[in-house]
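A.B. asks: 3D, please:
(one chain, ligands or ions: 1)
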Amino acid sequence: MNAIEATLRISPVTGTDLQSLAQLARDIWYLHYPGMITVSQIDYMLEQRYQPEVIAVQIESGEAWWDKLEVQSQLAGFASYEPGSESSSIKLDKLYVHQRFMRRGFGSALLNRVEEQSRSRGYRSLYLQVNKANAPSIAFYRSNGFEVKGSVKVDIGSQFFMDDFVFSKSLSESDA
Ligand SMILES: CC(C)(COP(=O)(O)OP(=O)(O)OC[C@H]1O[C@@H](n2cnc3c(N)ncnc32)[C@H](O)[C@@H]1OP(=O)(O)O)[C@@H](O)C(=O)NCCC(=O)NCCS
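C.D. replies: Numbering: from 1, shown residues only. From the prediction side, this is the model:
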């Protein structure tokens, strides 16, 4: 076990995590996204995606898998992933590490867990969307073996858009 593995725990999100997870998402988003998207869009997307009831429905229905990252028993990040647009692909929908814990390998550890889980479920590729202005996260995905495949502009309602790159990575052992 290396130094990073010794301090972290990654496990499935449960009902008792939902309030603190929603608060963690708010903290991360208000620190990270101003300047990339408006505060109104941040409010709108948090409301749309991070209400505890919304997450609970996704977990209970099996629509998406959610994992949490704890560092020395403190909630520090999370990931969610779901069946993708093709039967062999999986979509990494969310990957977040709180600013206090960044650049210590925790995001990569969370991503590795998502990749392991995806492989064990038989998926052969992982893809994601990332805001075109989100340069730090783009650097993170590139350093973890993702390549850009295209771009999308998604209308998410209320006159808000997500202007994203699409990145993907093969999960085949031979390509790893
Ligand atoms: C993206 C994120 C999950 C990465 O988590 P992390 O724990 O900081 O990442 P790691 O420490 O595992 O970084 C691994 C490598 O990625 C690259 N990287 C990570 N953050 C970077 C940054 N801000 N700038 C440039 N490269 C970066 C580096 O190569 C890094 O290795 P190094 O620290 O040895 O140089 C985290 O920064 C985050 O939550 N960001 C805000 C939210 C977000 O944009 N999420 C993605 C939405 S699509």
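
A.B. asks: contacts, neighbours, all on C-alpha from now
C.D. replies: OK.

A.B. asks: What is the burial count for residue 68?
C.D. replies: Residue 68 sits with 22 neighbouring residues when counted by other Cα atoms under 10 Å.

A.B. asks: hang on, isn't it packed against residue 94?
C.D. replies: No - Residue 68 lies out of contact with residue 94 (Cα atoms under 8 Å); the separation is 11.1 Å.

A.B. asks: Please enumerate the shared neighbours of the two.
C.D. replies: Common contacts of residue 68 and residue 94, defined by Cα atoms under 8 Å, 6 or more residues apart in numbering, comprise 78-79.

A.B. asks: elements contacting the worst-scoring helix or strand of the chain on mean pLDDT?
C.D. replies: When each helix and strand of the chain is scored by mean pLDDT, DSSP states H and E, helix 3-7 comes last, with a mean of 79. Judged by 3 or more Cα pairs under 8 Å, 6 or more residues apart in numbering; DSSP states H and E, helix 3-7 is in contact with no other helix or strand.

A.B. asks: can you list contacts of that helix?
C.D. replies: By Cα under 8 Å, 6+ apart, the list of residues contacting helix 3-7 reads 71-72, 104-106.
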